[in-house]
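Participant: here is a sequence together with a model predicted from it:
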Amino acid sequence: MRQMAWSSIIGQEHLKRFLQRTLLDGRLRSAYCLWGPEGVGKDALALEFAKLLQCDSPRRTADSIEACDECSHCRMAARLEHPNIRLIFALPAPARRTDGASPLLGLSDEQIAALREELRRKAENPYHNITLPNALQIHIAAIRDLQQTLARSVPLHGRPWVIILSEADRMTLEAANTLLKTLEEPPGRTLILLTTSRREQLPATILSRCQQLYCPPIPDELLFQVLQERHKLSPEHARMVTAFAHGSYSRALEFLQSELPELRTQALQLLRTALKPGHFRRELLHQLEELGAYERNRAELLLQLLLLWLRDALLLRHAPDSTDLYNPDQRDTLQRFLERFPHADLAAMLEAVDSALQGVRQYLQLPLLFAVTFLRCRAAAGLSVPTELTHGVSASL
């Protein structure tokens, strides 16, 4: 059965109803700011609403309205090719000046090719984060180009302009001040949709001219269901990914591409090495280098996996029959770990790993961070740790 327009967006039922009701009641405002955590569907909502506003034959009921997904306008909008819809996002600084012209004219052929690929991926999956090398800001040239388009052209086919500024907080101050003029005096039949995960970084003058709509994290039970239905994950794998995603579908998709089971095996191997009797440090350092653990994103994944595994160990110690495990396929391994270290201070281990996660996000030195973390885990397991080494590593951090 074909998936209908709004149902392709995960959760956000309150906002779906709000946007539909606003359109049905003729209460559409000129500007909205969709804000909330990354990956929860802000761009997806904006793009779907933009498509609906262009649709030839929207499907209506007494309290709902959605795009038909069949007319030429819907198909163009779905491909991000509709002439009335402008998607604005961070671009690389142009290699040459483009005063008065589209900022795309300043990009190299390689940058244009990368841009086309990112737009293709965005059209295929509206939860995809457009990422281009050296694209950190939305520059004033993009806003000026937009203003010229709005001033010199009229939207086609009697439909409104829909302007979507994805990650609007990336606007430079000059770009934001220029956009402010458009928000203060929007051209007729123009809707401006800002999306942001960092609302606090947008100027108050911009926010005050938008109706602000909060997009909450996706509930775990819903994300768990989507991962099984859309991606055919086993319940065990879906549960693990859900635990990492923290309500973000785009984050869940990143984890799907990261081979979590293999990474978990590597994280557990690091813990086993750290808890070996006798000498362990040289082998542990070698493993950390071999696994690429000193790359920040990989380090965060390894530590998160280890954290979830230790949480399961703590749960099984107090509730051996529990079925609420993040790693249900590891039950036998967890039981053996508890039997080998019956007096281990699991809470202290969890604290050590959680502290390391915070350190990764604060850009502390990863070799020292891993060293002190596994020394703390070793001490919590009741194994000997040279006092002078522990103090020396901690002081270095």
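Facilitator: Nice, I can see it.
Participant: show residues contacting stretch 238-250.
Facilitator: Counting by CB atoms under 8 Å, 6 or more residues apart in numbering, the neighbours of stretch 238-250 from elsewhere in the structure are 10, 37-41, 127-129, 216-220, 223-224, 226-228, 231, 233, 251-252, 255-256, 260-261, 264, 304, 308, 326-328. (C-beta placed from N, C-alpha, C; glycine too.)
Participant: got a quick ChimeraX command for the buried subset of these?
Facilitator: A single ChimeraX command is used to select the members of those judged buried by 16 or more other CB atoms under 10 Å:
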select :10,37,38,39,40,41,127,128,129,217,218,223,224,226,227,228,233,251,252,255,256,260,264,304,308,326,327,328
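Participant: narrow the contacts of stretch 238-250 to those in helices?
Facilitator: With DSSP state H as the criterion, helices contain 220, 223-224, 226-228, 231, 251-252, 255-256, 260-261, 264, 304, 308 from among those.
Participant: ok, now how distant is residue 210 from residue 202?
Facilitator: Note on residue 210: its distance to residue 202, by CB to CB, to the nearest Å, is 9 Å.
Participant: in its sheet, what does the longest strand anywhere in the chain sit against?
Facilitator: The residue-count maximum for a strand in the chain (DSSP state E) belongs to strand 190-196. On the basis of DSSP bridges, the sheet neighbours of strand 190-196 come out as strand 31-35 (parallel), strand 161-165 (parallel).
Participant: mind putting the ones you listed into CSV with mean pLDDT?
Facilitator: Output for these, formatted as CSV (pLDDT from 0 to 100):
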stretch, mean pLDDT
strand 31-35, 96
strand 161-165, 95
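Participant: so which of these comes closest to residue 120?
Facilitator: Comparison of the strands paired with strand 190-196 against residue 120 by CB to CB identifies strand 161-165 as nearest, at 16.9 Å.
Participant: returning to what we had before: of the ones in helices among the contacts of stretch 238-250, closest to residue 171?
Facilitator: In terms of CB to CB, no member of these lies closer to residue 171 than residue 251, at 23.9 Å.
Participant: tell me the pLDDT at that closest one?
Facilitator: Per-residue confidence for residue 251 comes out at a pLDDT of 85.
Participant: I'd say it and residue 38 touch.
Facilitator: Yes. With contacts counted by CB atoms under 8 Å, residue 251 reaches residue 38, the gap being 7.1 Å.
Participant: so how many other residues sit close to the residue nearest to residue 173 when sequence neighbours are not counted?
Facilitator: Leaving aside its sequence neighbours, residue 173 sits nearest to residue 203 (CB to CB, 6 or more residues apart in numbering; 7.6 Å). For residue 203, the neighbour count with other CB atoms under 10 Å is 14.
Participant: show me where the stretch 151-300 of the chain dips below the pLDDT cut-off.
Facilitator: Regions of the stretch 151-300 of the chain meeting the criterion pLDDT under 70 cover residues 258, 291-293.
Participant: which one, of the strands paired with strand 190-196, ends up nearest to residue 181?
Facilitator: Across these (criterion: CB to CB), the nearest stretch is strand 31-35, sitting at 12.6 Å.
Participant: now do the buried residues in the closest one.
Facilitator: For strand 31-35, a neighbour-count test (16+ other CB under 10 Å) marks 31-35 as buried.
Participant: test for you: state the pLDDT assigned to residue 98.
Facilitator: Model confidence at residue 98 (pLDDT) stands at 54.
Participant: overlap in contacts, residue 210 and residue 202.
Facilitator: 33, 194.
Participant: how near is the residue nearest to residue 173 to residue 115?
Facilitator: Taken as CB to CB, the spacing of residue 203 relative to residue 115 amounts to 27 Å.
Participant: which strands or helices does the next helix or strand after the longest strand of the chain pack on?
Facilitator: Later in the chain than strand 190-196, the nearest helix or strand by DSSP states H and E is helix 204-207. Contact analysis of helix 204-207 by 3 or more CB pairs under 8 Å, 6 or more residues apart in numbering; DSSP states H and E lists helix 173-184 as its packing neighbours.
Participant: remind me what the helix it packs on packs against, helices and strands.
Facilitator: Contact here means 3+ CB pairs under 8 Å, 6+ apart; on that basis helix 173-184 packs against helix 140-152, helix 204-207.
Participant: same for the longest one, what does it pack against?
Facilitator: The criterion is 3+ CB pairs under 8 Å, 6+ apart, and the helices and strands that helix 140-152 contacts are strand 85-88, helix 173-184.
Participant: who touches the longest one?
Facilitator: Helix 173-184 is touched from outside by 30-31, 137-140, 142-144, 146-147, 150, 165, 171, 192, 202-203, 205-206, 209-210, with contacts defined as CB under 8 Å, 6+ apart.
Participant: rerun at 7 Å
Facilitator: 31, 138-140, 142-144, 147, 171, 192, 203, 205-206, 209 (CB atoms under 7 Å, 6 or more residues apart in numbering).
Participant: filter these to the buried ones?
Facilitator: Neighbour counting by 16+ other CB under 10 Å classes 31, 138-140, 142-144, 171, 192, 206, 209 among the contacts of helix 173-184 as buried.
Participant: thanks a lot, catch you later.
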